[in-house]
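> When you get a sec, could you give me coordinates for this:
(chains A and B)
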There are 2 protein chains.
Amino acid sequence: MGKSTIGIGVLGMGVVGGGVASVLDNRREQLSALVGCAVELKGVLVRDVAKPRAHQLPAGLITTDPRQVLDNPDVDIVVELMGGQDPALEYILGSVSQARHIVTANKEVMARHGPSILTAASEKGVQVLFEAAVAAGVPIIAPLLRDLVANEIIDIHGIINGTTNYILTRMANEGADFDATLADAQELGYAEADPTNDIEGIDAAYKLAVMATLAFRTKVMDIDVYHEGITKLTSRDFLHASELGYAIKLLAIADKVGDAVQARVHPALVPQDMMLAKVDGVLNAIEVQADLTGKLLFHGAGAGSMPTTSAVVADIVDIARNVAGNSVPPSNLALSDSVTIRPISELETRYYIRLTTTDRPGVLAQVGKVLGDLNISVASAIQKETDEVAQSAELVLMTHLSSESAMQTAISQLEALDVVAEVGNVIRVEEW
Amino acid sequence: MGKSTIGIGVLGMGVVGGGVASVLDNRREQLSALVGCAVELKGVLVRDVAKPRAHQLPAGLITTDPRQVLDNPDVDIVVELMGGQDPALEYILGSVSQARHIVTANKEVMARHGPSILTAASEKGVQVLFEAAVAAGVPIIAPLLRDLVANEIIDIHGIINGTTNYILTRMANEGADFDATLADAQELGYAEADPTNDIEGIDAAYKLAVMATLAFRTKVMDIDVYHEGITKLTSRDFLHASELGYAIKLLAIADKVGDAVQARVHPALVPQDMMLAKVDGVLNAIEVQADLTGKLLFHGAGAGSMPTTSAVVADIVDIARNVAGNSVPPSNLALSDSVTIRPISELETRYYIRLTTTDRPGVLAQVGKVLGDLNISVASAIQKETDEVAQSAELVLMTHLSSESAMQTAISQLEALDVVAEVGNVIRVEEW
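Below you'll find the predicted structure:
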């Protein structure tokens, strides 16, 4: 016989916690029909009991003492919505060791400790689900764990940070520069006061580590993900990219070649006719290429309290259906140890190079020699507007497939040339 | 204790059956790790035992006698890949009554008999999964059943027939007419010799019925879906639509207003900046709008043997994991009886109207009077090229929101006007 009630303990009662409490309450009948028994809040950890909340909770449920939730024998599923590593990680691991199931929206914890959490859960026979940790209400964790299970995943290309995609979309549409657009995005609430995690690609790197771990069934941790932010992009780059037929996006890319996985987050030129080039504003999109399905695109709101609530409740219902039937399926993630991480220096891709040069003969010859000596072959070179006063010109190069390590050497050597005033930007070109 | 082997019986060994057999064989280890025990073919129904096959099967497995598969006590999951209603429906219902689980790719059977099959399965405590019935390897059934479970679905807009989307994309890009493009598509293998099911919207109507049933948790059968094909579209329509800022797509649309569901398949003008307008060629895309997540787009190859294989195997693994754990979760689809179907006549939308008129004064006044008297308000009218010899002109109108029944009356009345030589086309305009 199954249980008559599935008890939920929630850690953290921000807007998502409020959304979860409200959905569990307002859609009680619909959800209990799916689960086969009632799903009820049994304890909620908050920072401030007195704080007014949009969704009122019975006073007896709310506590500032984590033990009241974590040690409550009526709690079957712990829903962790605190964010950040500490103390969320401790609470998750502690709950797993007490044989409680976990639903978490915590990308940082899953990117840094996902494999060890999942291993501990598997040993205890409990489920840990985390759909909300990547792209909020856009299903991507479940598709990787369930729908694509017959496939070998080839690669993932994602736009998984809404703040930076909003900024890049406005820069592209308005010809604006980064600093001004960021300031405006902060004023409008699309970027945080400290935007570092977003604009440096750290947030996207967390999410990519989580997806890559599932896609390639191996440990890909946050520190395995190369990341480079969007702060160096200028309106000139968008102008040139557009003329060349490309959009500029902050891409999160993971692929597996042989037994080596590479994961990286950086700005990229994307051909305008690819679906990811058309993803604008705060929206997210993830394109998964798998050997049987080909390319699949998942697109939608990758943040926000209601989309995140949707993902969290779906995970709760998934686990609750199993708990109600007294059956938890075996872990669906056996991680391989034989896979290695391929460093960014081993990347081969095409590059866009924007240089400010002195406006005099011989520039192209000198630049060309540096690149040629490093085996970097130029596909096209366009000399752009000349600044008569500064006696400088802009040179935009597109290369053929080249090696990342050669390109890094080239950048240093180009910077040392007399005829080069500045290496304005070097952006990887992604076509897949 | 769970079972040591999950037995699979396959009905129909075309390219998808071959794909399934080959994946179960080649990815045996990976799949059995996920399931917790081996997953093995126990019987395969074919038409011709002697036919050479890409994936060789042991002779003892293959039979032309359905009872050898259906009554085989080692078969836990029956995988139906025959297509068409008969005898697939009988085999599915018979297997359910013998407490076998079902995986099917059969959109026709699910659109016509899905609710009764699911009810029978629920009573017998078995699962029936059918991810492959809609959009092949693009996950859409599982998202509706699992990931969106906390949401109320508002509407679905889909491009779910690759053949027609291929034809429409070529008509848009090449300025070609329908008949020539269809003939070419047939030659290239993108359209069947008898293309009726595709070009008349019947195939899409089946798939829409299946999705609407899940999305709105009510019976939406194939006969509840209004469908209109793409045969009346001309190169002129694409030209005008493009100038007005629209693409033309064969959309499958379902929505629920109050307790009434409406489901319809027809050509539609879609604003060029919407994601569905950008879905080209044989690809499929489904946009689901739900109250918590907002709009989600699922995009990819909606047909083909390998994408379909991916979906079928995912469903097999899903069921096998439950069977291995001796636990089948309760049905996750409680269908409501209180929902009704809203007929197409009750639609309110905007319309594009293309008329061939006599080239003389008073045309606009007479056309305008017909529309005005029926409460159809014109948003814009463009008089297009005049044919001096025939003394005719082309008049393109865009209306404000109007009623479908008024529009049908208007079409008859316009056809009866002396100044109207022909009502060239009337296409619904969809913006959501």
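> my read: residue A:41 touches residue A:8, true?
Yes - the pair residue A:41 / residue A:8 is scored as a contact, 5.2 Å apart, by CB atoms under 8 Å. The way it works is simple: take the backbone N, C-alpha and C, and place the C-beta from them, glycine included.
> so what sits against both of these two?
residue A:24 (CB atoms under 8 Å, 6 or more residues apart in numbering or on different chains).
> Can you name the residue of chain A nearest chain B?
residue A:327 (3.0 Å; CB to the nearest CB).
> tell me the SS of that residue?
coil (DSSP: H, G, I helix; E, B strand; the rest coil).
> Would you quantify the distance from it to residue A:42?
22 Å (CB to CB, to the nearest Å).
> Kindly report the same for residue A:67.
According to CB to CB, residue A:67 and residue A:42 sit 14 Å apart.
> Looking only at neighbour counts, state which of those two leads.
residue A:42 (19 against 11; other CB atoms under 10 Å in any protein chain shown).
> How about the secondary structure of residue A:300?
strand.
> which ones are touching it?
Residues near residue A:300 by CB under 8 Å, 6+ apart: A:135, A:137-138, A:283-285, A:307, B:293-297.
> List the buried residues in the host helix or strand of residue A:170.
Per DSSP states H and E: residue A:170 is located in helix A:162-174. Buried residues in helix A:162-174, counted by 16 or more other CB atoms under 10 Å in any protein chain shown: A:162-172.
> Go through these and name the one nearest residue B:423.
residue A:169 (41.3 Å; CB to CB).
> Now do the contacts for the closest one.
A:280-281.
> follow-up on the earlier one: tell me how many other residues surround the residue of chain A closest to chain B.
With other CB under 10 Å as criterion, residue A:327 counts 18.
> again, but for the one 10 residues further on
Other residues near residue A:337 number 7, with proximity taken as other CB under 10 Å.
> Quick one, grab the pLDDT at it.
Model confidence at residue A:337, expressed as pLDDT, equals 80.
> got a list of what it touches?
residue A:218.
> before we move on, what about residue A:82?
Counting by CB under 8 Å, 6+ apart, residue A:82 touches A:11-12, A:45, A:88, A:91, A:106.
> ok, and the closest non-adjacent residue to it?
residue A:12 (4.0 Å; CB to CB, 6 or more residues apart in numbering or on different chains).
> Now do the one you found against residue A:18, distance only.
Taken as CB to CB, the span from residue A:12 to residue A:18 is 10 Å.
> about what we covered before: the residue nearest to residue A:82: what's it in contact with?
Counting by CB under 8 Å, 6+ apart, residue A:12 touches A:45-46, A:80-83.
> Residue ranges of each domain in chain A, please.
A:5-137+A:305-324, A:141-300, A:347-429 (automatic domain parsing).
> Point out the one among those domains that comes closest to residue B:342.
domain A:5-137+A:305-324 (22.2 Å).
> So which bits of the stretch 201-350 of chain A are right by chain B?
Residues of the stretch 201-350 of chain A lying close to chain B (CB under 8 Å from any CB of the partner chain) are A:275, A:278, A:285, A:290-301, A:304, A:306-307, A:309-311, A:313-314, A:317-318, A:321-322, A:324-330, A:332, A:334.
> Just the ones in strands from the residues you listed, please.
A:285, A:290, A:294-301 (DSSP state E).
> Can you select the buried ones from the residues you listed in PyMOL?
To isolate the buried ones among these in PyMOL, judged by 16+ other CB under 10 Å, type:
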select buried, chain A and resi 285+290+294+295+296+297+298+299+300+301
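> now, among the ones in strands among the residues of the stretch 201-350 of chain A next to chain B, which is nearest to residue B:60?
residue A:290 (32.6 Å).
> Helices of the stretch 151-300 of chain A, residue ranges please.
Assigned by DSSP state H, counting those that start in this stretch, the stretch 151-300 of chain A shows helices spanning A:162-174, A:178-187, A:196-199, A:202-216, A:235-244.
> mind listing what's buried in the last one?
The reference is to helix A:235-244. A:235-238, A:240-241, A:244.
> ditto for the shortest one
Counting neighbours by 16+ other CB under 10 Å, one finds that the buried residues in helix A:196-199 are A:197-199.
> ok, which of the residues you listed also contact chain B?
Applying CB under 8 Å from any CB to the buried residues of helix A:196-199, none is adjacent to chain B.
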